[in-house]
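Participant: whatever this is, show me its structure:
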Amino acid sequence: MLQSGLYRLIAHDFKDEALLTQALTHRSFGSTNNERLEYLGDGALNFIIAHQLYQRFPKLPEGDLSRLRALLVKEPTLCEIARSLNIGDALKLGEGELKSGGWRRPSVLADALEAIIGAVFLDGGFSAAEALVIRLYQPLLEQINPKVIDKDPKSLLQEYLQAKRIDIPEYKLLTINGEAHCQTFSVECFIAKLKISAQGEGSSRRAAEQQAARQAYQMLLDAQPVTQKGHP
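Facilitator: I've put the predicted structure just below:
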């Protein structure tokens, strides 16, 4: 059962299992779907992330806190987390969405993740939803650097490599899947000198390149001593 894997990954024991089923049901499947749960989860997620940032960065002004929150709750970030949970494999989609590859569409995955947060909130209360969000976002919260919040991953990676006198990476388009109106692009980011290869997916080639660059940049940070992490 696919949902059993999600139970393990989200680490919440649902008292009402129907809530998780609803959270994984796209509107194309039927009238009982995840749209209202997504609305609820979106509100809870924004508050929880705002609270976490407020606590972690006591000297950061409101504008920078808002930009950090926007970075963490935007669709590409949600989609990346959803893919790490294999949410697409558990989605209930209508026939049209199945044919068009809706299980891998970033907007569908992001909405489903927010719906799961909403379902956990209804099933276990705010503390359960907060625990889930912190667990899912812990790696991102640990590595986030307020000094570079206005820079995209490709720019960060390029600046890092140039500072080390290493040639900029090569981006190679690997695959394009789906119909013309909802394609998914897969891109490789390759740093020849360091023999680092990272892949990313997105609804456009640019989005896929940004995700691949983010993965490559994180690989570089992970290879550094702990005291240097988060600083390009």
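
Participant: you'd agree G202 is up against Q210?
Facilitator: Yes: counting by C-beta atoms under 8 Å, G202 touches Q210, with 7.0 Å between them. Glycine gets a C-beta too; all of them are placed from N, C-alpha and C.

Participant: mutual contacts of these two, please.
Facilitator: Common contacts of G202 and Q210, defined by C-beta atoms under 8 Å, 6 or more residues apart in numbering, comprise P76.

Participant: in a strand, that's where Q199 is, yeah?
Facilitator: Yes: membership of Q199 in a strand is supported by DSSP: H, G, I helix; E, B strand; the rest coil.

Participant: mind checking which helix or strand of this structure has the lowest mean pLDDT?
Facilitator: Taking mean pLDDT, DSSP states H and E as the measure, helix 2-10 is the helix or strand of the chain with the lowest mean score, a mean of 69.

Participant: who's in contact with the following helix or strand past that one?
Facilitator: The element immediately downstream of helix 2-10 (helix or strand, assigned by DSSP states H and E) is helix 17-23. Identification of contacts with helix 17-23 by C-beta under 8 Å, 6+ apart yields 3, 6-7, 14, 32-34, 37, 41, 92, 112, 115-116, 118-119, 122-123.

Participant: how does it look with 6 Å?
Facilitator: The contact list for helix 17-23, computed with C-beta atoms under 6 Å, 6 or more residues apart in numbering, reads 14, 34, 37, 115-116, 119, 122-123.

Participant: please apply the same query to stretch 179-199.
Facilitator: With C-beta under 6 Å, 6+ apart as the test, stretch 179-199 has contacts from 100, 104-105, 166, 169-178, 200-202, 205, 208-209, 212-213, 215-216, 219.

Participant: so which of those are in strands?
Facilitator: Taking DSSP state E, the ones among these that sit in strands are 170-177, 200-202.

Participant: from those residues, list the buried ones, please.
Facilitator: 171, 200-202 (16 or more other C-beta atoms under 10 Å).

Participant: mind putting these in TSV, pLDDT and distance to V187 included?
Facilitator: Shown next, in TSV, are these (pLDDT from 0 to 100; distance: C-beta to C-beta, whole Å):
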residue	pLDDT	distance to V187
Y171	96	6
G200	91	5
E201	90	8
G202	85	8
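
Participant: and R214, what does it touch?
Facilitator: So R214 contacts P153 (C-beta under 6 Å, 6+ apart).

Participant: and the pLDDT for it?
Facilitator: The model reports R214 with a pLDDT of 88.

Participant: from L156, how far off is it?
Facilitator: 8 Å (C-beta to C-beta, to the nearest Å).

Participant: can you list the domains in the protein?
Facilitator: 2-144, 153-228 (automatic domain parsing).

Participant: run the chain-centre distance for the longest one.
Facilitator: So that's domain 2-144. For domain 2-144, the separation from the chain centroid amounts to 9 Å (computed by C-alpha atoms, centre = their mean, to the nearest Å).
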